[in-house]
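# I need the structure of the sequence given here:
(2 chains)
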2 protein chains.
Amino acid sequence: MESSELGAWMADEAVLDRIRRAVEADGGELSQVVADIGPATLAEILPRLSDAQVGTLLLSMSEDDIRDVLGLLDPAEAAAIVRSLDRHEAADVLEAMRPDDATDVIEEMPRVEAERILVQMEPAEAAEIRELMAYPPDSAASLMTPAFVAIAPDLTTGEALSALGQLAGEAETIYYVYVIDADERLLGVLSLRELVLSRRDEPVTAAMIPNPVKVLDTADQETAARLLIDNRLLALPVVDAGDHLLGIITQDDIAEVLEEEATEDIERLGGSQPLDVPYRMAGVSLLVRRRVVWLLILFVAEAYTGTVLRAFGDEIGRVVALSYFIPLLIGTGGNVGSQVTTTLVRAMAVNEVRLRDVGWVLVKEMSVGVILGLIMAFVAFGRAQLLSVGWKVGVVVSVAILLITIWSATVASVLPLVLRKLGIDPAVVSAPFISTLVDGTGLVIYFMTARFILQLG
Amino acid sequence: MESSELGAWMADEAVLDRIRRAVEADGGELSQVVADIGPATLAEILPRLSDAQVGTLLLSMSEDDIRDVLGLLDPAEAAAIVRSLDRHEAADVLEAMRPDDATDVIEEMPRVEAERILVQMEPAEAAEIRELMAYPPDSAASLMTPAFVAIAPDLTTGEALSALGQLAGEAETIYYVYVIDADERLLGVLSLRELVLSRRDEPVTAAMIPNPVKVLDTADQETAARLLIDNRLLALPVVDAGDHLLGIITQDDIAEVLEEEATEDIERLGGSQPLDVPYRMAGVSLLVRRRVVWLLILFVAEAYTGTVLRAFGDEIGRVVALSYFIPLLIGTGGNVGSQVTTTLVRAMAVNEVRLRDVGWVLVKEMSVGVILGLIMAFVAFGRAQLLSVGWKVGVVVSVAILLITIWSATVASVLPLVLRKLGIDPAVVSAPFISTLVDGTGLVIYFMTARFILQLG
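As a prediction, the model looks like this:
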């Protein structure tokens, strides 16, 4: 990514200053500033203003602007802003937002505070939010909006098009019209594109696509994201077990889900629990809590290396030079494992590799491991000579690095697939995790090789 | 992600069998099977059929189905399929695809072969592809399609709507209509939503949004992706330096860009160069080439630890117990560094942290480092006692782990920002890279602490 290019589109100090000055002046200028700057830049800047400034700014904005700007913020950030308002203002702001976005924000607040704001809202809008809150936060239903356009199956395409004209103001997307029966069961879908292109007197049941792609309300949000992307849809209908249409998920929600999931995977691969909030909002105490668990688990696993080394203390005492290569050997083993595991975990996340692929994955990775091992063995022998430890230790180091590389590649390629099989997210096999796992075993391989070649037994 | 849920939507052996049987029979059944299965599942399955089966299948599919199915494949996979056809069939298939998708596929082929297919295509369609090929593969322009709807500024909204009806068949998206002047300069944009809702006699210049969000053809593709997402658009116009409208980028292309960029970042963070092709298509030789470079760089960097250990060989000879903690100490240092760096690199990738943030990032990460260091020091002392190495070595290990944790957190938080400043992608600071970097320095800290506390000097 080019920071310079992105920078040109980003909020900078000048824009921030202009907003601050306009807020202080509090004249009619403010709405002009808002219009000039646009929602994306405003969303960038909002978290950097004081509570009072945010209050003044939000009150000067139209409902549409509030919806756009707060919808673009991370829910945790939007919640912080909403909480800084008094409860009447907060209720107004949440009403202006889309129900799915407002629900995400409400869920970031303490229960009591959320309740105080909800009772101030219009009953119908509060009810929509309460309904969405009933779904688990990572479910497909948590992404959906109830603001869709649905029509009865006995209309013509011309009637559907004019119904659309009347309903469009309320709907989140009018690019699809859903056909439902009297019990609200999903029968089919018509795209606005097809409607515009159609003869006007066709029955909608003839023009619609029957049994459209849909997702269950209880499905994982990533399942919904993949369905929408893989079928290149603009919106995906959400149904319950009885096939009743509950709402739709739109493209813009999906980009957020994908980004979130990639961030979580990356944080896990780095050896920490996902933060679940943007980094700039994560305090010291949250960062410590998210990181300390894995640090301790890894410490305990790594502590095993002490036991191994003590068991070989005799060998180290007799050939101190053996100790010089400890970090190099276990480091290389860890690096090989980390390369394999990150590639595989990602390939599994995007559904390129599945359980049944374990055979060819293992063959491929072990072949790569053998070749890389031979290259590293050659280089390691050279390095040993540079340290003047004698050719025998050089041979030990070379053979050990070959074996460790192959071992590490094997463990790293099998482990993520085994975890998936056990129902555990393979992303827990972080780079630090795999390094730790092969450290102890790598040392055993090293000192057994040394014993054998140097006849230390 | 739930593999079981996704699995339900995925191609399975039964579907594959059904296709194989239908292909063998080669009767009218095949087009019915294609209709039943849908493009997303077909795209899943296509790479698993033989060349001959793919050929038969593609010839039985409609142009629309070919466009959808091949558009969903990774370009490298689609290229392999197109190359298995004869050049006339290949030309037909590429003509059926969207110009931007077809260009991605052509770019995965050897130049000579691509040329042989291009000359078989309709001149107009070949020319569109050649034009797109002129842009760098990662530029915004490489994502765009020339199939958009543009109108003159002197029309009314009613006239625009009927123009849309005539042009819609050719266009990739009709959800936006772009208003351009006689020199094709971009004046504004109208959404289909607004057109449908508008009175029919309004001039389009009154109804349009002037100066819409747009991206330069030479901008990075990730810049385009962020603009589209941050503004929640369905399509983004691409202009040249003179503001002439060249094409549009649609939402479905963006999801692919985001996934690709996340995959590249994850592969880099794992300590390897990005593969650029799907994992299942990456052969042993490609995997070796992508991984060996970093393995060797890390090996050379890590080799420094041998020099450090040799320098302290005397201390190790006198107190062999010191060597037991080498992997534990450098492992913990590496884990802390990896946690910090992956979180920060991701935060920078999604534009949450920028250069100017170096101050508060450093303060936050050092505070976290001190707290984590104290916890680890406490645990490490306990571990040392379990190995019965005496309380003095225990104190050395505790103090060293505290200092190493703080040091590692500091280096890992400053380095990505410094690299960005130097114009280097911060994702090169992989977990293995930061581990290697703090290994050698960690050992120096450890043995200096030992010298000081154990009075070994």
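
# Map the structural domains onto the sequence of chain A.
A:3-134, A:150-257, A:279-454 (automatic domain parsing).

# quick one, which of those is nearest to residue B:69?
Closest to residue B:69 of the domains of chain A is domain A:150-257 (Cβ to Cβ; 11.1 Å). (C-beta placed from N, C-alpha, C; glycine too.)

# okay, now the residue lying closest to residue A:103 once chain neighbours are set aside: neighbour count?
Nearest residue to residue A:103 in three dimensions, chain neighbours excluded: residue A:132, at 4.1 Å (Cβ to Cβ, 6 or more residues apart in numbering or on different chains). Applying the criterion other Cβ atoms under 10 Å in any protein chain shown, we find 23 residues in the vicinity of residue A:132.

# could you pull out the helices for the stretch 151-300 of chain A?
With helices called from DSSP state H, counting those that start in this stretch, the stretch 151-300 of chain A shows them at A:157-167, A:192-197, A:204-207, A:221-230, A:251-269, A:284-311.

# With respect to residue A:327, which of those helices lies nearest?
helix A:284-311 (11.1 Å).

# hmm, back to that, export the helices of the stretch 151-300 of chain A as a markdown table, with columns for mean pLDDT and mean neighbour count.
Formatted as a markdown table, those follow (pLDDT from 0 to 100; neighbours: other Cβ atoms under 10 Å in any protein chain shown):
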| stretch | mean pLDDT | mean neighbour count |
| --- | --- | --- |
| helix A:157-167 | 80 | 17 |
| helix A:192-197 | 77 | 20 |
| helix A:204-207 | 88 | 17 |
| helix A:221-230 | 84 | 23 |
| helix A:251-269 | 81 | 22 |
| helix A:284-311 | 87 | 19 |
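
# Output those helices in TSV; the columns should cover distance to residue A:428.
TSV is the format used below for the helices of the stretch 151-300 of chain A (distance: least, Cβ to Cβ, whole Å):
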stretch	distance to residue A:428
helix A:157-167	46
helix A:192-197	44
helix A:204-207	49
helix A:221-230	17
helix A:251-269	6
helix A:284-311	9
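
# To residue B:82, which of those helices lies closest?
Closest to residue B:82 of the helices of the stretch 151-300 of chain A, according to Cβ to Cβ: helix A:221-230, at 20.5 Å.

# Can you show me the CA trace of the closest one as PDB?
In PDB, the C-alpha atoms belonging to helix A:221-230 read as follows (Å, rounded to 0.1, in the frame of the first residue of the first chain):
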ATOM      1  CA  GLN A 221     -21.400 -14.000   9.400                       C
ATOM      2  CA  GLU A 222     -18.400 -15.300   7.400                       C
ATOM      3  CA  THR A 223     -20.700 -17.800   5.700                       C
ATOM      4  CA  ALA A 224     -22.900 -14.900   4.600                       C
ATOM      5  CA  ALA A 225     -19.900 -12.900   3.400                       C
ATOM      6  CA  ARG A 226     -18.600 -15.800   1.300                       C
ATOM      7  CA  LEU A 227     -22.000 -16.400  -0.300                       C
ATOM      8  CA  LEU A 228     -22.400 -12.800  -1.200                       C
ATOM      9  CA  ILE A 229     -18.900 -12.600  -2.700                       C
ATOM     10  CA  ASP A 230     -18.900 -16.000  -4.400                       C
END
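
# So it, near chain B or not?
Yes. Applying Cβ under 8 Å from any Cβ of the partner chain, one finds helix A:221-230 touching chain B at A:222, A:223, A:226, A:227, A:229, A:230.

# Could you tell me which residues of the stretch 101-250 of chain A lie near chain B?
A:161, A:164-165, A:168-169, A:174-175, A:192-193, A:196-197, A:213, A:219-220, A:222-223, A:226-227, A:229-232, A:234.

# how about 6 Å then?
A:165, A:168, A:174, A:193, A:196-197, A:219-220, A:222-223, A:229-232 (Cβ under 6 Å from any Cβ of the partner chain).

# Pick out whichever of the residues you listed sits closest to residue B:367.
residue A:222 (33.8 Å).

# And that closest one, how far from residue B:63?
The gap separating residue A:222 from residue B:63 is 32 Å, by Cβ to Cβ, to the nearest Å.

# Surely the residue nearest to residue A:103 touches residue A:105?
No. Look at residue A:132 against residue A:105 with Cβ atoms under 6 Å: they stay out of range, at 11.3 Å.

# Quick one: the residues of helix A:221-230 next to chain B as CSV, columns for distance to residue A:100 too.
Listed next are the residues of helix A:221-230 next to chain B as CSV, based on distance: Cβ to Cβ, whole Å:
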residue, distance to residue A:100
A:222, 16
A:223, 17
A:226, 19
A:227, 17
A:229, 18
A:230, 22
